[in-house]
Every structure is written in C-alpha cells, then in structure tokens.
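Asks: pasting the sequence and the predicted coordinates here, then a few questions.
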2 protein chains.
Amino acid sequence: MNEHRKEVDTSPEAKAYKAKKYRTPDGVPADIVMFTLTKKERKTVTKTLPIRELKVMLIRRKSWPCAGMWALPGGFCRESESIYDAAKRELKEETGVDGGHLEYLGVYSTPGRDPRGWIISHAFFALVEEWMLESRQAADDAGEVGLFGIEEALNDLELAFDHRDIIRDAYMRIQKQMLHSTIARQFLPEQFTLSELYQVIQTVVPEFSEPNFIRKITSTRSRQGILEEVRDENGKPLSSNQYSQRPAQLYRFTDYAPLLSIYT
Amino acid sequence: MNEHRKEVDTSPEAKAYKAKKYRTPDGVPADIVMFTLTKKERKTVTKTLPIRELKVMLIRRKSWPCAGMWALPGGFCRESESIYDAAKRELKEETGVDGGHLEYLGVYSTPGRDPRGWIISHAFFALVEEWMLESRQAADDAGEVGLFGIEEALNDLELAFDHRDIIRDAYMRIQKQMLHSTIARQFLPEQFTLSELYQVIQTVVPEFSEPNFIRKITSTRSRQGILEEVRDENGKPLSSNQYSQRPAQLYRFTDYAPLLSIYT
DNA sequence: TGAATAGTGTCTCTGAGACAGTATTAT
DNA sequence: ATAATACTGTCTCAGAGACACTATTCA
C-alpha cells in the first residue's frame, strides 16, 4: 500500500514550489556493522565443539578524514534508492553475496560527527557467514580489512567518526535480538544440535546461562514450536556425532515466533 | 564518549577536500506520531472505569503537496541539531510541553515518497497526555487539527505522503513496547490500580487477554519487581475507590525492567 | 574400561489456570 | 438487601531447578 514510486509532478503547485534555500544535508550514507561468528577447531583428543567468537568487520580508512583509523564499511545513498537499498547494495559490494540478515539499527546525526559537513549516517547491522568476508579480504591489501572480536573493537581500536557508538549500539541490539527472536539461525546450519545453539547464544550474549537448557527447550510447552526435531523419511530422529561422542539429536528452527510479554 | 561537537577542521586535508558534486537530499524532516489515550467518563449508575481510546493527532495540510490531506506533525531538521533534537523541538512546538515519551521509530526514504524532491523522513512516536494537545487544538482553526482513533486513522482517512505506513509501523511498535517495557506508565498516573493498568494494556493491545491478571501480577516471582504496592508513612496499603465500589490497592511502577527471552 | 558428551528420572517447589467464594462499598 | 467491583481459597496440572543416573560412542 501507498507505493510512492518516482513520478514527475507537473501540477501548477509543483511548479510554483520554490526549492527551499535552506541548508540541506551534505550526504546520507548507510554504514553497516557486519557481524560474523567465527568457528575454530579446538585441538583436543576427543571431538568437541569448535571455539566460536563474535567478530566485526572493519575497514581501515585511506583518506581524510580519519585516515588510518578503522571504520565501518558504508557508502552514500543515492536519490534513486531507499536507505535500505543502499545498505543492501553496500553489503553486496562488500561480500559479493546477496544473502545474510540485514536490519536497520538507527540514525546518527549529532552535529559535527563528520568533518566533511552535515552527514547523517544510517546504521545497519548484518549477520553474515565467515566465508562471505573472505573475498573482500582477498581483494584488498592485507591490513586494510580486519575482523575483530567485538570487545577488542570496542575497547582497543581507534575508530573513525562515532563508529564506536554505532558498534556499541549494534552489539546491544544483536544481544537483544538473540534472545527475543530466532536470529540465532543466521549463525547455524539448517540442522544443529542443542549444544551448538546454546553455544551460539552464549557467544553473542555471554551473560546467558541456563543450566538445564536441553530440558527446558524440549519440555516447555510455551517454547515448543520454535524448534522441531529433524527426522528422516521414515520418521526416525536424526542425530549427529560431529562434535560429540554420543550422537546428539538434530533440530531446526520452525517459522513460529513467540510473543513475549512482561505481564504474562 | 566520542562527543563529536561541531568544530572547524582547519587541516590541509580538510581544505583540499572538495565538496562533492553528488546530488544530496533536499531535506530531512522529523515526523511524529503522537499517541494519546483519551479518557471518557461513562454515564453509569455506579462507579466504573472510564472508556479509554488510543488516539493519534494529525494535522490537515494547508499547502502543496497533499493539500487538504491529514498528515503527521513534523518539521525539517537543522544542521545545528540532531534528528532527535529536531523531533524534541517539534514535539514541544506542538504541545507546548517538554514532557512525554519520545522514541525513534525509523527512516522513510522510498524514492518519490515526497513530490518536493529527495526528502528523507525520520519518524518518531510520542506518548503524551490528552491535555498537552489541547493548546495546539485551541491555537488552530477547528478542523485543522484532529484526534483520531488509530483504526479510523489507518482505515478511513486520506493521509499525506507515506504517513499511513508510518502510523501503521508506529502502532505495531507501540504494541510491542507495551508488552516488552513499562511504557504503560506513560498513560497512567503515578499510582494506579491493577484494573486501570489492565485496561490501558488492552486499549493499546486489544489482543491482550489475561484472565487472572491480578493473581499473576501479584504472585509471580519473575514479575515481582516491575510493580510495587503503594503504602503510606505507616506502611499501610493505600487504595482507591475512584472507579469501583470496593477500594482497590494502588500500585506504582518500579525502575526494574525485566529481561525477556524466548529460550528461558 | 574410562572418558566425554547427550540425555533422562525423579523429587520438590512454584506458578498457571480455572472458578467458586468472600470482602468492601454505594445505592 | 442487592449490585458492582476487588480480591482470595483452593484444586490441579505443568514447568523450574537441581542433581544423580543412564546412554552412546571413541580411544
């Protein structure tokens, strides 16, 4: 509804409407906080879950302003596209891939945030797979593209503009989303074990702690519905022993999204 | 942290930086969906809760474009202020009051959404009290300012630009917030009865239905903490019989905000 | 066999959910 | 007394939370 496509308005009022002589913004970029969950095999005797880490992709700025600092990938929005389209385009340019979760984060417009002028930035965050970032890393000089642990990025890096604020906000948002929605699926294969799911949640939200996680997720009626057991054609439960001695039941997310309320 | 105040950058790079000749936006307004909950006494024999309704304030546009249509109040952002500041200023101009809950909703940037040019609108929603809107209504001609029920606004009104989309999004957002946070307090006096709270929630989220609401809110350990009983100096529970024969215990919100999770 | 991870049995306590019953007040 | 709203008693069943126990596999 309300599809406002670009049309030329030829009414007399439109012609009479004088372009305002007000100061207008100098640019409206979309910046993207690209999260990925790295997986690193642990060298142990027995099978075990890989080490996972939440990482952010940053680019070292080459030119003024903030030359040499780390910055979020981004680019200016064009008149012919929406801000979301600009972010999608940017994400594709960075990864070469269309996929991945892309979500609007917010607007950053503090006066003076960009020395180039009146630049109003729109932040997004994306959840991508690690391999999607490799082409970008290969295309550039080493040292120009970096994958940083979220805490390292927030605490140890010199970041351009107000990108530290943006990354902090994105981190808080992804943590909230991790517990309120099923975006964990973005960091998991289609089929996964409950240990993997638990590990993914804990990697993004370190405070998350649920002894009896398996028991709860499988037994609670209210939670029933967000996950379902994977079965083969004959209805036999499928399991995987990729990460453990004893095979573990595989699950997948359903389309069901529960409603949360502080009052019930 | 990262306070980017406006400063003049006098570095050689800044001087060398040519203003881009790219097309830049023609304006960046902040539009506000102002919600209020009207209260109307019911004419019954006995005391009873008033009728509450969720309303949206709209303004009839006087000039091109969309002259004669209903539109959200709003105004263009200036270079010296953030978008949020612009919204706050706008809210104050409309209500004459500083108070009220003001929250960012999102950006609306579909190409062609505004015939005046490349106009990127930032939507906010505000929760104000009914009396705050009266000065605005008095200042204008009758018929230029309107308070509409949310469903009426969405279904029966001819709305300017993409304001129907914005109002719909704001409605969904306020419903979510009503269940996820304690913004219900914005629509209630500092002390209120549980029936009032229940009515407020139901007014904003008609689907919300909790038989045993009182029982749950007062007995559940996990919910304990968002509300507390009001007591006088001597520790005696305070109650009100404003809306009922039998006096009802008064409650107030605490500062506690519970964490929600689909997994626990 | 023992180690490592997955999952179950079981017990206790709390809360949900339903609904009848009691309490307090106005008329 | 009656009506209207605000609770409370009580019963049943489900889930939380803890922790010992069993299951499956690998070395």
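Replies: That came through, no problem.
Asks: so for stretch A:77-89, what gets flagged as buried?
Replies: A:Cys77, A:Glu79, A:Glu81, A:Ser82, A:Ile83, A:Tyr84, A:Asp85, A:Ala86, A:Ala87, A:Lys88 (16 or more other Cβ atoms under 10 Å in any protein chain shown). Yep, even glycine has a C-beta here, placed from its N, CA and C like the rest.
Asks: quick one: contacts for A:Thr24?
Replies: A:Trp118, B:Thr24, B:Pro25, B:Asp26, B:Gly27, B:Val28 (Cβ atoms under 8 Å, 6 or more residues apart in numbering or on different chains).
Asks: measure it to B:Pro65 for me?
Replies: A:Thr24 sits 18 Å away from B:Pro65, going by Cβ to Cβ, to the nearest Å.
Asks: and if you look at A:Ser135?
Replies: 45 Å.
Asks: before we move on, the earlier item: out of the contacts of A:Thr24, which is nearest to DNA strand D?
Replies: B:Val28 (46.0 Å; Cβ to the nearest atom of the strand).
Asks: wait, what's in contact with that closest one?
Replies: A:Thr24, A:Pro25, A:Val28, A:Ile120, B:Phe76, B:Cys77, B:Ile83, B:Ile119, B:Ile120, B:Ser121, B:His122.
Asks: okay, and which of these map to strands?
Replies: B:Phe76, B:Ser121, B:His122 (DSSP state E).
Asks: count of neighbours near the second one?
Replies: The local packing of B:Ser121 (other Cβ atoms under 10 Å in any protein chain shown) involves 23 other residues.
Asks: chain neighbours aside, what residue packs nearest to it?
Replies: Excluding the flanking residues, the one nearest B:Ser121 by Cβ to Cβ, 6 or more residues apart in numbering or on different chains is B:Tyr108, at 4.5 Å.
Asks: may I see the ones in strands among the contacts of B:Val28 arranged in TSV, with pLDDT as well?
Replies: Formatted as TSV, the ones in strands among the contacts of B:Val28 follow (pLDDT from 0 to 100):
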residue	pLDDT
B:Phe76	96
B:Ser121	98
B:His122	98
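Asks: name the spans of chain A whose pLDDT lies under the cut-off.
Replies: For chain A, applying pLDDT under 70 flags the ranges A:1-21, A:142-143, A:220-224.
Asks: remind me, longest helix of it?
Replies: Of all segments of type helix in chain A, defined using DSSP state H, the longest is helix A:163-180.
Asks: is there proximity between the helix or strand just after that helix and DNA strand C?
Replies: Sequence order places strand A:192-193 as the next helix or strand after helix A:163-180, per DSSP states H and E. Yes. With Cβ under 7 Å from any atom of the strand as the criterion, DNA strand C is reached by strand A:192-193 at A:Thr193.
Asks: from the contact counts, what lies against strand A:192-193?
Replies: Applying 3 or more Cβ pairs under 8 Å, 6 or more residues apart in numbering or on different chains; DSSP states H and E, one finds that strand A:192-193 contacts strand A:248-253.
Asks: what residues does the strand it packs on touch?
Replies: Residues contacting strand A:248-253 (Cβ under 8 Å, 6+ apart): A:182, A:184-185, A:190-195, A:197, A:226-230, A:237-241.
Asks: does any part of that strand sit near DNA strand D?
Replies: No. Strand A:248-253 does not reach DNA strand D (Cβ under 7 Å from any atom of the strand); its nearest approach is 9.8 Å.
Asks: partner strands of that strand and their direction?
Replies: Here strand A:248-253 has these sheet partners by DSSP bridges: strand A:192-193 (antiparallel), strand A:227-229 (antiparallel), strand A:239-240 (antiparallel).
Asks: pull the distance from that strand to the chain's centre.
Replies: When distances are taken as Cα atoms, centre = their mean, to the nearest Å, strand A:248-253 is centred 23 Å away from the chain's centroid.
Asks: and stretch A:149-168, by the same measure?
Replies: Per Cα atoms, centre = their mean, the centroid offset for stretch A:149-168 relative to its chain is 15 Å.
Asks: so which bits of stretch A:56-74 are buried?
Replies: A:56-61, A:64-66, A:69-74.
Asks: and it, how far apart are its ends?
Replies: With Cα to Cα, to the nearest Å as the measure, stretch A:56-74 spans 14 Å from end to end.
Asks: just stretch A:100-114 next, same as before
Replies: Stretch A:100-114: ends 29 Å apart by Cα to Cα.
Asks: measure the residue lying closest to A:Ile51 once chain neighbours are set aside to DNA strand C for me?
Replies: Closest residue in space to A:Ile51, ignoring its immediate chain neighbours: A:Lys40 at 4.7 Å, by Cβ to Cβ, 6+ apart. According to Cβ to the nearest atom of the strand, to the nearest Å, A:Lys40 stands 15 Å off from DNA strand C.
Asks: then A:Ala170?
Replies: 30 Å.
Asks: is it true that that residue touches A:Phe125?
Replies: Yes. Taking Cβ atoms under 8 Å as the definition, A:Ala170 is a contact partner of A:Phe125 at 4.4 Å.
Asks: who touches both of those two?
Replies: In contact with both A:Ala170 and A:Phe125: A:Val33, A:Phe35, A:Leu105, using Cβ under 8 Å, 6+ apart.
Asks: starting at the chain centroid, how far to stretch A:249-264?
Replies: 20 Å.
Asks: re earlier: so which of the buried residues of stretch A:77-89 are also by chain B?
Replies: A:Cys77, A:Glu79, A:Glu81, A:Ser82, A:Ile83, A:Tyr84 (Cβ under 8 Å from any Cβ of the partner chain).
Asks: what is the burial count for A:Glu152?
Replies: Neighbour tally, A:Glu152, other Cβ under 10 Å: 14.
Asks: how close does it sit to DNA strand C?
Replies: 27 Å.
Asks: give me the phi and psi angles of that residue.
Replies: phi -60, psi -40 (degrees, to the nearest 10).
Asks: name every strand pairing with the strand or helix carrying A:Ala126 and say which way it goes.
Replies: Using DSSP H and E, A:Ala126 maps to strand A:121-128. If you go by DSSP bridges, strand A:121-128 pairs up with strand A:29-40 (parallel), strand A:101-108 (antiparallel).
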